[in-house]
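J.: Make a model of this:
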Amino acid sequence: MPYSLVDLGPFTDSAAACLSELPVAATEIFVAELRHREAQNDVVAASLVIKRARAKRSPLTDIERELVAKAEAYVRSGVQPPALFASIRRPADQRIHRTMLSLADPGHGHLTVTLVDAELLDGVILHHEVISRCRGDGAPGPEIAPYRMINIRKNALLRLHAADDVPVSVYGGRPSYQIPIWHKTPSKGWTVTRAYGFDPVSPSHVAAATASAAFANGVADVKFYLGNLTAEQAIDFMARVKSAVDRDEARQTLSSQFNVNIPILDDRPSTIATKGRPVRLAKPAAIAQLSTELTYAGGWERVTLDSASANIPSRPVTEILGFDSLGSWVDQAHAVGLETYISGGICGSHIGQATRAGVDGVGIGFWIHHPGDSPGSVGELDADRIREAIRVRNEAERQVN
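T.: Model prediction:
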């Protein structure tokens, strides 16, 4: 069967004029692109089928399941999910819910629980992150970071099934700080601050590449943990990532994450000029205020306060800051155009407090899962807990309104 340029779809006038005299029909580029677009169309069709079945609360037919399986195989091979996605960033008057519930899961639970029930998507963000504290062999590891980077291919599957019904966000984890390979100092002598000072390029560019891959999938937000950097380093990191990442800035956001339990060295020139030296901030309220100032200075759009600790569950930010301080932090962030997000040890009783304080996003992880097989691991998502979280948030919003 002969192919022609029209098989690729519409071209702009300038592109059509440039290609009109070229014998492209038989080139390898043309054939490869045609096959890619055919696969892309199957992916789009599958996403539409999934979206329709979810809205009608009906199971997929045999032919629909076959199409979805084919689309999933395409996505695993690198074909991008549909271009249209649900964004988190929108004016307050266009939101059904001021406070979004960010449901954290390594991926499988969203595919088998959240995304198969439209009721579980009410004012929800599908937050994709690895939240197990177990080592590679499955043994408990309390020294392991509670939140870690995801599998980018599984992320594409989430986007395929989410369609444009619900935003998907990603936790990028802690930046990959590099230790100079030839340096005489033993590796145990290196700190995050020192490593970043030697090489700010690698961690910022790796983070930008990580975020770009997620944004290419149609992810709405990517978050990175900036703990243990100084204030100036955090600003520098965010500025470097912002300048290197590929995204739709109007609809895709970058989120900073600071832990209220981890002190920050404020070494900004303005602080040194006022205080005569860098100042170490350790009080949660001071860290909260600084996190907003740093995120704004770094050019990112969302600021996260986290309270993850070695204890399970962690003490939540709502308890550490208190209602009044939390509300003040929200107001401060909103005043400079930032969205707010809290995470760490959140359960049902904290969701109402956060909602009444005006927090834009509440991250919930361990509480919405059944217990795992070992301490520090999570089992399947608990649909009843998700429904409870939505109910508590909705009731708190009615109280505020």
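J.: Can you show me the helices along the protein?
T.: Residue ranges of the helices in the chain, as given by DSSP state H, are 13-19, 28-56, 62-76, 108-112, 152-162, 192-198, 201-216, 231-244, 269-275, 284-298, 317-321, 323-335, 348-356, 383-400.
J.: Can you give me the separation between the spatially most central residue of the chain and residue 103?
T.: Closest to where the C-alpha atoms of the chain average out (C-alpha atoms, centre = their mean) is residue 170, at 2.6 Å. Distance, residue 170 to residue 103, by C-beta to C-beta, to the nearest Å: 13 Å. C-beta: built from backbone N, CA, C; applies to glycine.
J.: okay, and the common contacts of these two?
T.: Taking C-beta atoms under 8 Å, 6 or more residues apart in numbering as the contact rule, residue 170 and residue 103 both touch residue 127.
J.: My read is that residue 100 contacts residue 122, right?
T.: No. The criterion here is C-beta atoms under 8 Å, and residue 100 misses it with residue 122 at 10.2 Å.
J.: neighbour-wise, which of those two wins?
T.: Shown here are residue 100 and residue 122; by other C-beta atoms under 10 Å, residue 100 has more neighbours (24 against 16).
J.: Show me where the chain dips below the pLDDT cut-off.
T.: Residues of the chain meeting the criterion pLDDT under 70: 1-5, 22-26, 91-93, 132-147, 182-187, 310, 312, 375-376.
J.: Break it down into its structural domains.
T.: 5-76, 92-400 (automatic domain parsing).
J.: The ones you listed: which one's closest to residue 83?
T.: Nearest to residue 83, of all the domains of the chain, is domain 92-400, at 6.8 Å by C-beta to C-beta.
J.: okay, now the residue nearest to residue 79 when sequence neighbours are not counted: neighbour count?
T.: Once flanking residues are discounted, residue 79 sits nearest to residue 39: 5.0 Å by C-beta to C-beta, 6 or more residues apart in numbering. Residues near residue 39, counting by other C-beta under 10 Å, number 19.
J.: How much space separates residue 39 from residue 87?
T.: In terms of C-beta to C-beta, residue 39 sits 25 Å off from residue 87.
J.: same check, this time on residue 246
T.: Distance of residue 246 to residue 87, computed by C-beta to C-beta: 16 Å.
J.: again with residue 228
T.: Taking C-beta to C-beta as the measure, residue 228 falls 31 Å from residue 87.
J.: higher neighbour count, those two?
T.: Ranked by neighbour count (other C-beta under 10 Å), residue 228 and residue 87 place residue 228 first, with 19 against 16.
J.: Any idea how many residues pack against the nearest residue to the more buried one once chain neighbours are set aside?
T.: In space, and not counting its chain neighbours, residue 228 is closest to residue 192: 3.8 Å by C-beta to C-beta, 6+ apart. Close neighbours of residue 192, defined as other C-beta under 10 Å, add up to 17.
J.: what's residue 192 in contact with, if anything?
T.: Shown in contact with residue 192 (C-beta under 8 Å, 6+ apart): 177, 227-229.
J.: Which single one of these is nearest to residue 240?
T.: For the contacts of residue 192, the residue nearest residue 240 by C-beta to C-beta is residue 229; the value is 12.0 Å.
J.: what about that closest one, neighbour count?
T.: Residue 229: 27 neighbours (other C-beta under 10 Å).
J.: wait, it sits on residue 193?
T.: Yes. The criterion here is C-beta under 8 Å, and residue 229 meets it with residue 193 at 6.5 Å.
J.: was I right about residue 124 contacting residue 100?
T.: Yes. Using C-beta under 8 Å, residue 124 is in contact with residue 100, at 6.8 Å.
J.: quick one on the thing from earlier: save the contacts of residue 192 as CSV, and put in distance to residue 82 too.
T.: Below are the contacts of residue 192 laid out as CSV (distance: C-beta to C-beta, whole Å):
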residue, distance to residue 82
177, 35
227, 35
228, 38
229, 36
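J.: From those, pick the one nearest residue 61.
T.: Checking these against residue 61 with C-beta to C-beta, the nearest one is residue 227 at 48.8 Å.
J.: Which residue, neighbours along the chain excluded, lies closest to that closest one?
T.: Using C-beta to C-beta, 6+ apart and skipping the chain neighbours, the partner closest in space to residue 227 is residue 262 (4.6 Å).
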